[in-house]
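Q: Predicted coordinates and the sequence they were generated for:
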Amino acid sequence: MNAGTSANSHPAVLTSWKEIARYMGKGVRTVQRWEQDFGLPVRRPQGSNKKAVLARPRDLDAWVALRCTSRGQLAVLESAELPAANGSAVGKPSFDSLRTITAIHCGMETHRQLQADNRALIVEVQIALDALRLQLQSIRR
C-alpha cells in the first residue's frame, strides 16, 4: 500500500486493527467498517475473541486492487456502447448495468485471486506436512 516503502519493510502478518489501519493509511474505524461492509480480508484466530485479527499485506493489496476503480476507468465504462446480439450498438449502458458489470468483473478477479492464494496455501501446507513427516521419522529412529 505505502508506495514509499519496500515490501520487506512490512511484517508478513499484521496482527492488530492499528497495524492494518496504519498499513492502509486509514483510521481503525474506517478499516473495521471496510471489513464489515466491503469484505476487507482480515482473519480471526480460531477460538479467540472477535477483537483479535490478522491480515496479510498482500491480501490487503489485492483487495484494494480488485475493489478500487479509478474515475478514469469509470469514464471509459460510461462512454462505452454495449453491443447488441446482431453486432450493432445498443447505446450507452445505464449506471445500474455498469455497476453490475463492474461487480461481476470484481467477482471474477476476486475468484482468480482466491484461486491463486489457495494454490499458494496448498503448497505451504504441503511443505509443512513434509517437514512434519521428516521430524516424525527422525523421532521414530
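A: That came through fine.

Q: Would you check the distance separating stretch 115-127 from the middle of the chain?
A: On the basis of CA atoms, centre = their mean, to the nearest Å, stretch 115-127 sits 16 Å off its chain's mean C-alpha point.

Q: Same question for it: list its buried residues.
A: For stretch 115-127, the neighbour count (16 or more other CB atoms under 10 Å) marks no residue as buried. Every residue, glycine included, has its C-beta placed from N, CA and C.

Q: Begin at 564 from now on, thanks
A: In the new count, where the first residue is 564, that last one comes out as stretch 678-690.

Q: tell me the mean pLDDT for it?
A: In this model, stretch 678-690 has a mean pLDDT of 89.

Q: ok, and what's touching it?
A: 622, 625 (CB atoms under 8 Å, 6 or more residues apart in numbering).

Q: Send over it as PDB, restricted to the C-alpha atoms.
A: Output of stretch 678-690 as PDB, limited to C-alpha atoms (Å, rounded to 0.1, in the frame of the first residue of the first chain):
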ATOM      1  CA  GLN A 678      -7.600 -19.400  -6.500                       C
ATOM      2  CA  ALA A 679      -4.000 -18.200  -6.700                       C
ATOM      3  CA  ASP A 680      -4.000 -17.700  -2.900                       C
ATOM      4  CA  ASN A 681      -5.500 -21.200  -2.400                       C
ATOM      5  CA  ARG A 682      -2.800 -22.800  -4.600                       C
ATOM      6  CA  ALA A 683      -0.100 -20.900  -2.600                       C
ATOM      7  CA  LEU A 684      -1.600 -22.100   0.700                       C
ATOM      8  CA  ILE A 685      -1.800 -25.700  -0.600                       C
ATOM      9  CA  VAL A 686       2.000 -25.500  -1.300                       C
ATOM     10  CA  GLU A 687       2.700 -24.000   2.100                       C
ATOM     11  CA  VAL A 688       0.700 -26.800   3.800                       C
ATOM     12  CA  GLN A 689       2.400 -29.500   1.700                       C
ATOM     13  CA  ILE A 690       5.800 -28.100   2.800                       C
END
